[in-house]
Structure formats: C-alpha cells, structure tokens
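Enquirer: Give me coordinates for this.
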Amino acid sequence: MIGNYQQRPRQVVIEIFDSMARRGLALDDLIQISGDDLKSSNPKRAEKARRVSKCWELMARLSVCFADLEQVSRLERHEGDVATATSQKLLKTHGFL
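Expert: Numbering: from 1, shown residues only. Next comes the predicted model:
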C-alpha cells in the first residue's frame, strides 16, 4: 500500500508534464508568464499566457504545487531504477530534461 501511495503523486505529476508538453510549455514558462500577459497586445504572448493559466488550473485541481514539479524533475535526473528511467524518457521526450 505504501508503494502505491508513493506512485500516485508521481503519476499525477507526469500527467501535468504531459499536459504541459501538449501545450508547448516548459517549467520556466510557469514562472515567467504572468496574468498580465493575458492582456498583451502580442497575440502569441496572450495565447501562451492562456495555456499557462490552464496548466496552473490543472495543478490546482490535482493539488500539485510547482515545487512538486521541480522535485520530480530533479529526482528524475538522479535516480537510476527502471521505473525512473521510463519516467525520465517520458520527461525527455516532452522536453523537460
């Protein structure tokens, strides 16, 4: 049961990373793009701000904070087990590592 509890948060974080990849976002975008960008006269900047907003909404709905994303990203670079290698490959595929 304990192993299952530890896997669930990682699966949720991977779901968020997958969502970010579909929207063309990186971790830095979540910090650098603000709500003020929603009103930007540059349509590309405003659209990116909308995608970032959707990502923050998903994170709130799944109760995942930004620090959790950073932690998993860091752990994925340093652990060497098979499950991590699979997750790391997924993160690399989506441009997060």
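Enquirer: wait, doesn't D29 sit right on R50?
Expert: No - in this structure, D29 is not within contact of R50 by C-beta atoms under 8 Å, at 11.9 Å. For glycine as for every other residue, the C-beta is placed from the backbone atoms N, C-alpha and C.
Enquirer: Confidence-wise, which helix or strand of the protein is lowest on average?
Expert: Within the chain, confidence by mean pLDDT, DSSP states H and E is lowest for helix 82-93 among all helices and strands, at a mean of 59.
Enquirer: okay, now F66: neighbour count?
Expert: 12 (other C-beta atoms under 10 Å).
Enquirer: which residue sits closest to it, ignoring its sequence neighbours?
Expert: L30 (6.2 Å; C-beta to C-beta, 6 or more residues apart in numbering).
Enquirer: list the contacts for that neighbour?
Expert: Each residue near L30 by C-beta atoms under 8 Å, 6 or more residues apart in numbering is listed here: M20, V52, C55, W56, F66, L69.
Enquirer: if we go to 10 Å?
Expert: L30 makes contact with I16, M20, V52, C55, W56, M59, F66, L69, E70, according to C-beta atoms under 10 Å, 6 or more residues apart in numbering.
Enquirer: Turn those residues into TSV, columns for pLDDT, secondary structure and distance to G35.
Expert: Putting those into TSV (pLDDT from 0 to 100; DSSP: H, G, I helix; E, B strand; the rest coil; distance: C-beta to C-beta, whole Å) gives the following:
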residue	pLDDT	secondary structure	distance to G35
I16	92	helix	19
M20	92	helix	18
V52	95	helix	9
C55	94	helix	13
W56	95	helix	10
M59	93	helix	15
F66	89	helix	15
L69	86	helix	19
E70	83	helix	21
